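# Here's my sequence, what's the structure:
(one chain, ligands or ions: 1)
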Amino acid sequence: MTAASARRRSGLREVLLASGNTGKAREFERLLGGVISVCPLPPQIVLPEEIGATFTDNARLKAEAVFQQTGGRVAVLADDSGLEVEALAGQPGVHSARYAGEGATDEENVAQLLMALHGTSQRQARFICCLCLLVPQPGPGVALCIEVSGETAGAIEAAPRGKDGFGYDPVFRPDGWEKTLAEAGPAGKDSVSHRGAAMRALLETLQERGLLTHD
Ligand code: ITT
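Predicted structure coming up:
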């Protein structure tokens, strides 16, 4: 099921996105396709330090922190994601956003990755996206927690190509593709990406639990 084809009126009408990453926000708006509105994070809300050992842990940390700070009245969606490279024993992993140091830009992280893989023919990698959705339930602070994940296998190219997307997209080529994710265009990326897969799994779960209702 895709958001665009669903033609459903949502029981869950909006989610607050527990993320400061504008690249992710653009993708969630596309992937939810108007089925569920994506509200940006209000400026006074503080995201927690990402101290979890796994993507799942960090997604839950972000969702719970924002749920608490907003009084548990609105549904909160958090995404923790990143790149695992086989030849680097799974690095940068949960450190993907800060691989080249705290506050590093996407370009600096990509440069750091290409340097780490310099001279290596083993280029296999995978993107992983873990989502945590907290939906308010009757009773103070009570939430239904839904966790899903998605991944995409591919390879790290020797040099960046393409202008779309964000993060490591210019050097990540999905298996079976000739283009990098930054050359794929928004619809192309969504069809193959870890975030697209996770979001489709989330929509299926919402549907199964009756949180998406037909018109
Ligand atoms: P928030 O925690 O505020 O959501 P963040 O960028 O810090 O933003 P993460 O901790 O989940 O988010 O780190 C994700 C990093 O992994 C991201 O900054 C990119 O470097 C990389 N990444 C994740 N998804 C990606 C994608 O679809 N394309 C390219 N790079 C991606």
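# Give me the neighbour count for residue 120.
13 (other CB atoms under 10 Å). C-beta coordinates here come from the backbone N, C-alpha and C atoms, glycine included.
# right, I mislabeled it, should have said residue 13
Residues within reach of residue 13, counting by other CB under 10 Å, total 10.
# Next: residue 32.
22.
# I'd assumed residue 39 was in contact with it.
No - using CB atoms under 8 Å, residue 32 is not in contact with residue 39; the gap is 11.2 Å.
# list the residues that contact both of those two?
residue 15 (CB atoms under 8 Å, 6 or more residues apart in numbering).
# Tell me the residues on this structure that lie near the ligand, please.
19-21, 24, 47, 50, 79-83, 96-97, 109, 127, 165-169, 193, 195 (CB under 6 Å from any ligand atom).
# Mind checking which of the residues you listed are buried?
19, 24, 50, 79-83, 96-97, 109, 127, 165, 167-169, 193, 195 (16 or more other CB atoms under 10 Å).
# related to what we said a few turns ago, so which of the residues of the chain next to the ligand belong to helices?
24, 109, 195 (DSSP state H).
# which residue sits closest to the last one in space, ignoring its chain neighbours?
Counting by CB to CB, 6 or more residues apart in numbering, residue 129 is the residue found nearest to residue 195 once chain neighbours are left out, at 4.6 Å.
# what's the helix or strand for that neighbour?
strand 124-136 (DSSP states H and E).
# That strand - what's its average pLDDT?
For strand 124-136, mean pLDDT is 98.
# tell me what the helix or strand containing residue 115 is packed against?
Assigned by DSSP H and E, residue 115 belongs to helix 106-116. Identification of packing neighbours for helix 106-116 by 3 or more CB pairs under 8 Å, 6 or more residues apart in numbering; DSSP states H and E yields strand 76-85.
# In CSV, could you pull the C-alpha coordinates for the strand it packs on?
The C-alpha coordinates for strand 76-85 follow below in CSV (Å, rounded to 0.1, in the frame of the first residue of the first chain):
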residue,chain,number,x,y,z
VAL,A,76,4.8,11.8,17.7
LEU,A,77,6.9,10.2,14.9
ALA,A,78,10.6,9.7,15.3
ASP,A,79,13.2,8.4,12.8
ASP,A,80,16.6,7.1,13.6
SER,A,81,18.5,6.0,10.5
GLY,A,82,22.0,5.6,9.1
LEU,A,83,24.4,3.8,7.0
GLU,A,84,26.2,0.5,7.8
VAL,A,85,29.3,-0.3,5.7
